[in-house]
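K.L.:
generate a structure from the sequence data that follows.
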Amino acid sequence: MWLRRSKTRARVHNAPAPKFACSSFKDVHTLLLDDEPAGGGSPGSSLESPTKPSICHRSRSVKTLIRTLSQPAPPEEIRIPGAEQTVVVYFTSLRIVRRTFEDCKAVRSILRDFRVSIDERDLSMDSGFMDELRSILGQSPEKNSKLTLPRVFIGGRYVGGVEEVRRLHESGELKKHVEGLPASEPGTCGACGGYRFILCDECSGSHKYYSEKGGFRSCTLCNENGLVRCPSCSCAPL
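P.N.:
Numbers count the residues shown, from 1 in each chain. As a prediction, the model looks like this:
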């Protein structure tokens, strides 16, 4: 008699799917967990319990930090030693560039309305003022950097050009800057007629003088135009 075999059912065990462990998604998984409420609570409970900052919040914080670090440091204050009691204006009286001439004229007109002591240094009358201004501003003449005019110093401290002076004047701050400075004498200087320069007495304005030993030589007391600063209305050069 044959034994009857019992049919056995093969059991198929579904193995758990392997976890996707790609290293490139590790940070994404962590970031998604940061957005869930702490302690597994409901989304509304995240307002009551402190949680880690969200992705957007951290992104904004990083951008703010980068923006702060990328900002340049404030420039050093530029000053003229010995000019604490006056206003110094570097300008030009030439009309070659109309806009520059008009800017210089406007700044001088604004400053003269305050009736304070002003030392006007005309670069067209003495080229030495150009080298002097470049040295103060820290500009090298070899680089041929563009030097715009006018340039204003109040109480020895650098203020800026025409735009800065106009902005300070419109806001009323310019009056505060010139307060305490000595008042200017009314009227026009009788020695130079307001030009701030007179002819050199040594060479009579020729910028050359004659000596029996060396013949003709350049005068060392005046500039290239045979002029010296008016002793009555101009401050001594730096």
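
K.L.:
got the domain boundaries for this protein?
P.N.:
76-186, 187-238 (automatic domain parsing).

K.L.:
comparing those by mean pLDDT, which bottoms out?
P.N.:
Mean pLDDT is lowest for domain 187-238 out of those, coming in at a mean of 85.

K.L.:
that older thread, okay, the domains of the chain in JSON lines with mean neighbour count next?
P.N.:
The way it works is simple: take the backbone N, C-alpha and C, and place the C-beta from them, glycine included. Shown next, in JSON lines, are those (neighbours: other CB atoms under 10 Å):
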{"stretch": "domain 76-186", "mean neighbour count": "15"}
{"stretch": "domain 187-238", "mean neighbour count": "14"}
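
K.L.:
okay, and the beta partners of the closest residue to residue 211 other than its chain neighbours?
P.N.:
Nearest non-adjacent residue to residue 211, counting by CB to CB, 6 or more residues apart in numbering: residue 217, 6.5 Å away. Per DSSP bridges, the residues bridged to residue 217 are residue 209.

K.L.:
wait, residue 217 sits on residue 206?
P.N.:
No - with contact defined as CB atoms under 8 Å, residue 217 does not reach residue 206; the gap is 11.3 Å.

K.L.:
and the strands in the protein?
P.N.:
Counting by DSSP state E, the chain has strands at residues 87-91, 118-122, 151-154, 157-160, 197-199, 208-211, 215-218, 227-229.

K.L.:
need the ones you listed in a markdown table with distance to residue 178, can you?
P.N.:
Shown next, in a markdown table, are those (distance: least, CB to CB, whole Å):
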| stretch | distance to residue 178 |
| --- | --- |
| strand 87-91 | 7 |
| strand 118-122 | 10 |
| strand 151-154 | 6 |
| strand 157-160 | 10 |
| strand 197-199 | 25 |
| strand 208-211 | 42 |
| strand 215-218 | 39 |
| strand 227-229 | 23 |
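
K.L.:
which residue is the nearest non-sequential neighbour of residue 125?
P.N.:
residue 197 (5.5 Å).

K.L.:
now that neighbour: how far from residue 98?
P.N.:
Using CB to CB, to the nearest Å, residue 197 is found at 24 Å from residue 98.

K.L.:
mind listing what residue 207 touches?
P.N.:
Shown in contact with residue 207 (CB atoms under 8 Å, 6 or more residues apart in numbering): 200, 218-219, 222-226.

K.L.:
go again with 6 Å.
P.N.:
By CB atoms under 6 Å, 6 or more residues apart in numbering, the residues touching residue 207 are 219, 222, 226.

K.L.:
with residue 79 instead?
P.N.:
156-157.

K.L.:
so what's it bridging to?
P.N.:
Note on residue 79: beta-bridge partners by DSSP bridges are residue 157.

K.L.:
from residue 152, how far out is it?
P.N.:
Using CB to CB, residue 79 is found at 13 Å from residue 152.

K.L.:
I'd like the distance between the nearest residue to residue 174 once chain neighbours are set aside and residue 104.
P.N.:
Distances taken as CB to CB, 6+ apart place residue 168 nearest to residue 174, at 3.9 Å, with adjacent residues excluded. Going from residue 168 to residue 104 by CB to CB gives 17 Å.

K.L.:
hey, where'd the helices end up in this structure?
P.N.:
Counting by DSSP state H, residue ranges of the helices within the chain are 26-34, 55-70, 98-112, 128-137, 162-171, 173-178.

K.L.:
which one of the contacts of residue 207 is nearest to residue 87?
P.N.:
Set against residue 87, the nearest of the contacts of residue 207 by CB to CB is residue 222 (25.4 Å).

K.L.:
can I assume that closest one is in contact with residue 200?
P.N.:
Yes - taking CB atoms under 6 Å as the definition, residue 222 is a contact partner of residue 200 at 3.6 Å.
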